[in-house]
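Engineer: only geometry, no sequence info:
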């Protein structure tokens, strides 16, 4: 009986929604309306509509009459509809409106006299060129403002001064050339001005931002770090600029900083890292560093120094990094790697040394390594002392080296090996490799590559999959059936369940 009573209460409302739902729109019981490819603003909209989403339509102009009847409207999203203008006061009477998004249109101005209760305003991908203080008058509840990918060339500190509740400001992709300060947004936590043409910031610009946590200045023309950055910062992104040095005075107040991204600059040195006592992630790929930065904080967990000019790796550079888990030194010119240089990194799980000048695997690597990438070096031979400590290793990439043989006896030191990459080596496919093949199969290791270079009759074949090589070597009776069973049994005994290792997919071993 209760079910029938509920249906009785809901049925009239459902009928009302169905009766007033415009063509090419979907309406639901939560009073949400979604319209797609309409030629004009939908008419006969229910006055109880709370959320209206319109996309990929043809609505050149928004008028007061288009929304005036929707007094309950809380969220209005109009995207990719070619809208060029909004009639003055169109949204003023919508006292319930909290979210207004007009993405990917052709607006040249911010709509005037927006309702005072607005909390989210997103106007990305339009043609807005100027921001006026009057545009934001009385918008004291706006928490999120996104005006990315417009045509704004300059930002004045007074323009946004009325946005006293603003927490997130996005101004990416405006070709912005200048800003003036200070920026008096006392509740701002997120500020992104990426992909502009900013060459510098005035000294006072950031001084009032005491709550700022995230600052993204990626893709500008900065030659030095902005001055007087707030102590509250947790993340600072300065990638793809023209930084030539990082000075101690730029860093000394950033004791809360956890993430520092400086990739693709012109840095030859980094000073002041010792002040970053909370740093967990340092990205300095694509610079001109000849040595690994010294005096890095013990909190560091990930460091990316790839694509630099580093020749030597020394133990003193890692003596305090007991929390380091991920180290990327690929695409350098490393030819000298001090024995045991990483022994003071007892948590290291990922080590990338691809595209360097190494002639052997570095000795005394941490036993915690789960991934080791040595692709594109000059390694000719793998020796027992190089791998006898790597019992946790799950992924080993040896692509594009000069290795001709792989002793099956080495594999007993790698009980957890799951993925082995061998492409691009000049393998000498003797029956010794057949022994290695059988051990790898018994261990269940996924092997990629293994193309024979010699002898001539096997050239181009794969020693892991070639049936001909198997037939040639089978008469050697390398293992009896009983011995084969014993290999599998021992492989399982040496290979307990894999412990879950904290490994992010920082690089893809499946790609060349």
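Structural biologist: Now that the structure is in, tell me what you want to look at. Keep in mind the model is a prediction, meaning the values are calculated, not measured.
Engineer: Helices of the chain, start to end?
Structural biologist: 2-20, 64-67, 248-251, 384-387, 431-443, 467-474, 481-493 (DSSP state H).
Engineer: Could you check how sure the model is about the third one, as an average pLDDT?
Structural biologist: I take that to be helix 248-251. Averaged across helix 248-251, pLDDT comes to 88.
Engineer: before we move on, what about the longest one?
Structural biologist: Helix 2-20 shows a mean pLDDT of 43.
Engineer: in the chain, which ranges drop under the pLDDT threshold?
Structural biologist: Filtered on pLDDT under 70, the chain yields the residue ranges 1-19, 475-512.
Engineer: From residue 46, how far off is residue 33?
Structural biologist: Going from residue 33 to residue 46 by CB to CB, to the nearest Å gives 8 Å. All C-beta atoms are positioned from the backbone trio N, CA, C, and that covers glycine.
Engineer: so what's in contact with those two at the same time?
Structural biologist: Common contacts of residue 33 and residue 46, defined by CB atoms under 8 Å, 6 or more residues apart in numbering, comprise 21, 27.
Engineer: my guess is residue 63 meets residue 85, correct?
Structural biologist: No: using CB atoms under 8 Å, residue 63 is not in contact with residue 85, being 9.4 Å away.
Engineer: who touches the nearest residue to residue 44 once chain neighbours are set aside in this structure?
Structural biologist: Counting by CB to CB, 6 or more residues apart in numbering, the nearest residue to residue 44 once its immediate chain neighbours are dropped is residue 20, at 5.5 Å. Residues in contact with residue 20 (CB under 8 Å, 6+ apart) are 27, 44-46.
Engineer: so can I have JSON lines of these showing distance to residue 132?
Structural biologist: Rendered in JSON lines, the data for those read as follows (distance: CB to CB, whole Å):
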{"residue": "27", "distance to residue 132": "37"}
{"residue": "44", "distance to residue 132": "36"}
{"residue": "45", "distance to residue 132": "31"}
{"residue": "46", "distance to residue 132": "35"}
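Engineer: Got a ChimeraX select line for the buried ones in these?
Structural biologist: Selection of buried members from the contacts of residue 20 for ChimeraX, criterion 16 or more other CB atoms under 10 Å:
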select :27,45,46
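Engineer: Sort out which residues of stretch 181-199 are buried, please.
Structural biologist: 181, 183-185, 188-196, 198.
Engineer: Ok, stretch 452-471 next?
Structural biologist: 452, 458, 461-464, 466, 469.
Engineer: Now flag whichever of those residues is closest to residue 423.
Structural biologist: Taking CB to CB as the measure, residue 462 is the one of the buried residues of stretch 452-471 closest to residue 423, at 9.8 Å.
Engineer: Is the closest one bridged to anything, and to what?
Structural biologist: As for beta bridges, residue 462 partners with residue 451 under DSSP bridges.
Engineer: what's near enough to touch it?
Structural biologist: The neighbourhood of residue 462, defined by CB under 8 Å, 6+ apart, consists of 449-452.
Engineer: Mind doing that once more with 10 Å?
Structural biologist: With contacts defined as CB atoms under 10 Å, 6 or more residues apart in numbering, the neighbours of residue 462 are 422-423, 427, 429, 437, 447-452, 469.
Engineer: what separates it from residue 185, distance-wise?
Structural biologist: Distance of residue 462 to residue 185, given as CB to CB: 62 Å.
Engineer: Tally up the residues packed near the closest residue in space to residue 79 that isn't next to it in sequence, please.
Structural biologist: Spatial nearest neighbour of residue 79, chain neighbours left out: residue 103 (4.2 Å); criterion: CB to CB, 6+ apart. Counted with other CB atoms under 10 Å, the neighbours of residue 103 add up to 19.
Engineer: Ok, the one 5 residues further on next?
Structural biologist: Under the neighbour criterion other CB under 10 Å, residue 108 is assigned a count of 14.
Engineer: Mark which of the contacts of residue 462 are buried, thanks.
Structural biologist: The neighbour count (16+ other CB under 10 Å) marks 422-423, 427, 429, 437, 447, 449-452, 469 as buried among the contacts of residue 462.
Engineer: For stretch 102-112, buried residues please.
Structural biologist: If you call a residue buried by 16+ other CB under 10 Å, then stretch 102-112 has these buried ones: 102-105, 107, 109-112.
Engineer: farthest pair in those residues?
Structural biologist: Longest span within those, CB to CB: 104 and 112, 20.8 Å.
Engineer: what about stretch 60-72, distance to the chain center?
Structural biologist: Distance of stretch 60-72 from its chain centroid, counting by CA atoms, centre = their mean, to the nearest Å, is 40 Å.
Engineer: Any buried residues in it, and which?
Structural biologist: Using 16+ other CB under 10 Å as the test for burial, stretch 60-72 gives 62, 66-67, 70, 72.
Engineer: quick one on the thing from earlier: now, which of the buried residues of stretch 452-471 sits nearest residue 373?
Structural biologist: Distances from residue 373 to the buried residues of stretch 452-471, taken by CB to CB, are shortest for residue 464, at 20.1 Å.
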